[in-house]
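Visitor: here is my input; please provide its structure:
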Amino acid sequence: VHEPVDTPGSYADLYNLATGTPFALSHGFGQLSLTRPSAECKEFGNVLFAGASSRPGNGVPLVLLGAKSVAEKAQRKLSILEEVEQVILQ
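Guide: Prediction:
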C-alpha cells in the first residue's frame with residue numbers, strides 16, 4: 001500500500017512554493033500589503049498582474065480591487081498607445 005503524504009516542504013519542492021502557498025504568497029511580514037509584488041511587471045511594460053500574489057493581496061475583495069486597478073491601468077496604457085499611433089499616422 002502506498003499513500004502519499006503532502007507537507008509544506010513537499011509543496012515547496014514540487015511547485016517551487018518556498019515563499020508561499022498553492023493559493024498565494026505567504027502571510028509573512030515581508031509579503032504583506034505594500035511589500036507584495038507590484039501589479040506592473042518590471043521587465044515588460046505591457047504586462048500587468050492581478051490576483052492573490054500581487055498587490056493589494058489575497059482574498060476575494062482584495063483580488064477584485066486589484067483586478068479593477070489593473071483593468072484601469074491597461075485602459076490608460078492602451079489609450080496612450082492609440083494616441084501615439086494617431087500622431088505617427090498623421
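Visitor: quick one: distance of the longest helix anywhere in the chain to the chain centre.
Guide: In the chain, assigned by DSSP state H, the helix with the most residues is helix 60-89. Relative to the chain's own centre, helix 60-89 is displaced by 16 Å; criterion: Cα atoms, centre = their mean, to the nearest Å.
Visitor: average model confidence for it?
Guide: Averaging pLDDT along helix 60-89 gives 89.
Visitor: so which bits of it are buried?
Guide: 62-63, 66-67, 69-70 (16 or more other Cβ atoms under 10 Å). To be clear about C-beta, it is placed using only N, CA and C from the backbone, and glycine gets the same treatment.
Visitor: residue 82: which of those is nearest?
Guide: residue 70 (18.6 Å; Cβ to Cβ).
Visitor: which residues touch that closest one?
Guide: 39, 48-50 (Cβ atoms under 8 Å, 6 or more residues apart in numbering).
Visitor: give the contact list for residue 59.
Guide: Applying Cβ under 8 Å, 6+ apart, the residues near residue 59 are residue 52.
Visitor: then residue 49?
Guide: Here residue 49 is in contact with 37-41, 70 (Cβ under 8 Å, 6+ apart).
Visitor: where's the dip in pLDDT among those residues?
Guide: residue 37 (81).
Visitor: residue 53 is in contact with that residue, correct?
Guide: Yes - counting by Cβ atoms under 8 Å, residue 53 is a contact partner of residue 37 at 6.7 Å.
Visitor: the two: which has the busier surroundings?
Guide: Just comparing residue 37 and residue 53: by other Cβ atoms under 10 Å the higher neighbour count belongs to residue 53, 19 against 13.
Visitor: wait, a helix at that one?
Guide: No - under DSSP: H, G, I helix; E, B strand; the rest coil, residue 53 falls outside any helix and is assigned coil.
Visitor: so which helix or strand takes in residue 13?
Guide: Using DSSP states H and E, residue 13 maps to helix 8-15.
Visitor: helices or strands up against that helix?
Guide: The helices and strands touching helix 8-15, judged by 3 or more Cβ pairs under 8 Å, 6 or more residues apart in numbering; DSSP states H and E, number zero.
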